[in-house]
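A.B. asks: Let's see this in three dimensions:
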Amino acid sequence: MDTATKSGILILASAAVIVGLYWFREVLAPFALAVFLWLVIDGFSDMLEKHLRIIPRWLALLLALLVVTSGIAIIGVVIIDTANGMVTNSAAYEARLNELAASIFGIFSSEAAPTLDQLLARANPARFLSSIAQSLQSLTSDALFVAIYVGFLFGAQSNFPAKIAAMFPDIKKHAKAKALAGAMRLAIEKYLWVQTVTAAATAIGSWVIMKLVGVDQALFWAFVIFLLNYVPTIGPIIGTILPVLFALVQFDTYVEPAIVAAGVGFFQFSIGTFLQPRMQGDSMNLSTLVVILTLSLWGAIWGIPGMFLSAPLTVMLMMVLAQFQGTRWLAIILSMDGQPEKGIDSQIAEAK
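C.D. replies: Numbers count the residues shown, from 1 in each chain. Model prediction:
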C-alpha cells in the first residue's frame, strides 16, 4: 500500500472517529468525566493507603470517596448561598449596571443608554429562563450518569488485569499493553493532582484578596477560579476576568476592581508560570500550540466537559498513536520534545 493510500485511509478514519465522538457526545462525555473522577478517587485512596499504612484498602477508598463527595456537596451549598445573595442584592447590582451601561454607552453615542430592564425585555426573558432550566436539567442528568458510571467502574476495577491478560496472551505484547495503561494512568493522575494543588493555591490566594477588598460571594468566585484552572490556557484568564467584572458591578469606584485584578492576576501568573511547570515536569509532554488547538477541538466536540478534559485526553491519544509505526509521526507532532513514548519505556522495564 503506497503512502498516499495510507494517508487517505488515516484521514477518513480520523474524520469518522471525530464524527462518532461528536454524535455520541451525550453518552461519551459523562463517561469520560466519570473515568477521570474515578481516577481521582482511586489515586487519592492509594495515597491514603501509602501514607496511612494501618488502614485497609477499603477504608482508604471510603475516605477518599467521602472527601470528594463532600467537596462536591460544599460547592453545591456555596452556589445556592451565592444565588440567595445575588437575589438579596439584586437592586443594588441593577442600579450599578445601569450606571456602568450609561457610562460606556455615552462614549459611543449621545443617546440615552437602555436600562437593564429594557435589555432583558428585548432579550425575551421567558426564552432565557427556559434555556437555563434546560441546562440545569441536562446538568442534573449528566451528574447522575457520572455517579452511576463511577460506581460501575469501581465494581469492574478488580477484573481489569484479567481482561488485559486475556486480550494480550503474548508475554511481550501483554507487558507493552500493561506498561502503556500504567503510563497513561500515571500521567493523568499526576496531571489531575498538580492541577488540583495549583488550582487550590490560586483559589485560596484569590479568596484572601477578594475577602480583604470586601467582594460579595468571595467564596463562590474562589470556587469558580478553582474549577476554571482545570481548563488549559483560557481558564485562568476567564477566572481572572469574572471576579473583576463582578467587582465593577458591586463597587462604586474602580479602586476595588483594580485591586482584585492585580491580586487575582498575580496568583494566576505566578503559580501558573513558576509553580505549576515545576510540579508538572514533563509528565504531559505536550506542545503549547497543541494544548491550545486541542482545547478548541475537544471543546467543539464535547463542549465544556471536553475543554476540562482536553489535555489528559490528548496525552492518552499521543501515547496510543506512538505505539504504531504508521501514526507515530502524529504522536511526535503532538509531543513537546519529539519523544511521545517518554514514561512508557520505564513502565515496560518494570513489567519485565
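
A.B. asks: can you give me the helices in the stretch 101-250 of the chain?
C.D. replies: For the stretch 101-250 of the chain, the helices defined by DSSP state H, counting those that start in this stretch occupy 116-122, 125-156, 160-167, 171-213, 218-228, 234-250.

A.B. asks: Mean neighbour count, those: which tops it?
C.D. replies: Compared across the helices of the stretch 101-250 of the chain, helix 218-228 shows the largest average neighbour count, a mean of 22 (mean count of other C-beta atoms under 10 Å). For every residue, glycine as well, the C-beta is placed using N, CA and C.

A.B. asks: Okay, angle between that one and helix 171-213 too, please.
C.D. replies: 150 degrees (axes from the mean of the first three to the mean of the last three C-alpha atoms, to 10 degrees).

A.B. asks: Give me the helices and strands touching helix 218-228, please.
C.D. replies: In terms of contacts (3 or more C-beta pairs under 8 Å, 6 or more residues apart in numbering; DSSP states H and E), helix 218-228 is packed against helix 57-88, helix 171-213, helix 234-250.

A.B. asks: what sits up against the shortest one?
C.D. replies: The set of residues external to helix 234-250 that reach it, using C-beta atoms under 8 Å, 6 or more residues apart in numbering, is 92-93, 96-97, 100, 202, 206, 210, 213, 215-217, 221, 224-225, 228-229, 231, 254, 256-257, 260-261, 264-265, 268, 272, 295, 307.

A.B. asks: low-scoring stretches of the stretch 101-250 of the chain, by residue?
C.D. replies: The stretch 101-250 of the chain contains residues with pLDDT under 70 at 104-140.

A.B. asks: Same check on the stretch 251-352 of the chain?
C.D. replies: By pLDDT under 70, the weakly predicted segments of the stretch 251-352 of the chain are 281-283, 341-352.

A.B. asks: As a check, name the ranges of all helices in it.
C.D. replies: 255-270, 276-280, 288-302, 304-321, 328-334, 344-351.

A.B. asks: could you dump those helices to JSON lines with distance to residue 238?
C.D. replies: Shown next, in JSON lines, are the helices of the stretch 251-352 of the chain (distance: least, C-beta to C-beta, whole Å):
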{"stretch": "helix 255-270", "distance to residue 238": "10"}
{"stretch": "helix 276-280", "distance to residue 238": "17"}
{"stretch": "helix 288-302", "distance to residue 238": "12"}
{"stretch": "helix 304-321", "distance to residue 238": "11"}
{"stretch": "helix 328-334", "distance to residue 238": "25"}
{"stretch": "helix 344-351", "distance to residue 238": "34"}
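
A.B. asks: just those helices: most buried one?
C.D. replies: helix 304-321 (a mean of 21).

A.B. asks: For residue 259, see how far away residue 237 is.
C.D. replies: As judged by C-beta to C-beta, to the nearest Å, residue 237 and residue 259 stand 19 Å apart.

A.B. asks: that older thread, nearest to residue 333, out of the helices and strands packed on helix 218-228?
C.D. replies: Taking C-beta to C-beta, helix 171-213 is the member of the helices and strands packed on helix 218-228 nearest to residue 333, at 17.9 Å.

A.B. asks: how's the chain carved up into domains?
C.D. replies: Structurally, the chain divides into domains by automatic domain parsing as follows: 1-88+124-167, 169-352.

A.B. asks: Just the C-alpha atoms of stretch 20-27, please, in CSV.
C.D. replies: Output of stretch 20-27 as CSV, limited to C-alpha atoms (Å, rounded to 0.1, in the frame of the first residue of the first chain):
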residue,chain,number,x,y,z
GLY,A,20,-18.5,9.5,16.2
LEU,A,21,-17.2,11.3,19.3
TYR,A,22,-19.5,14.3,18.4
TRP,A,23,-22.5,12.2,17.6
PHE,A,24,-22.4,10.2,20.8
ARG,A,25,-21.2,13.1,23.0
GLU,A,26,-24.1,12.9,25.3
VAL,A,27,-23.0,9.4,26.3
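
A.B. asks: Buried residues in it, which are they?
C.D. replies: 21, 25 (16 or more other C-beta atoms under 10 Å).

A.B. asks: just stretch 48-57 next, same as before
C.D. replies: So for stretch 48-57, counting by 16+ other C-beta under 10 Å, buried means 48-49.
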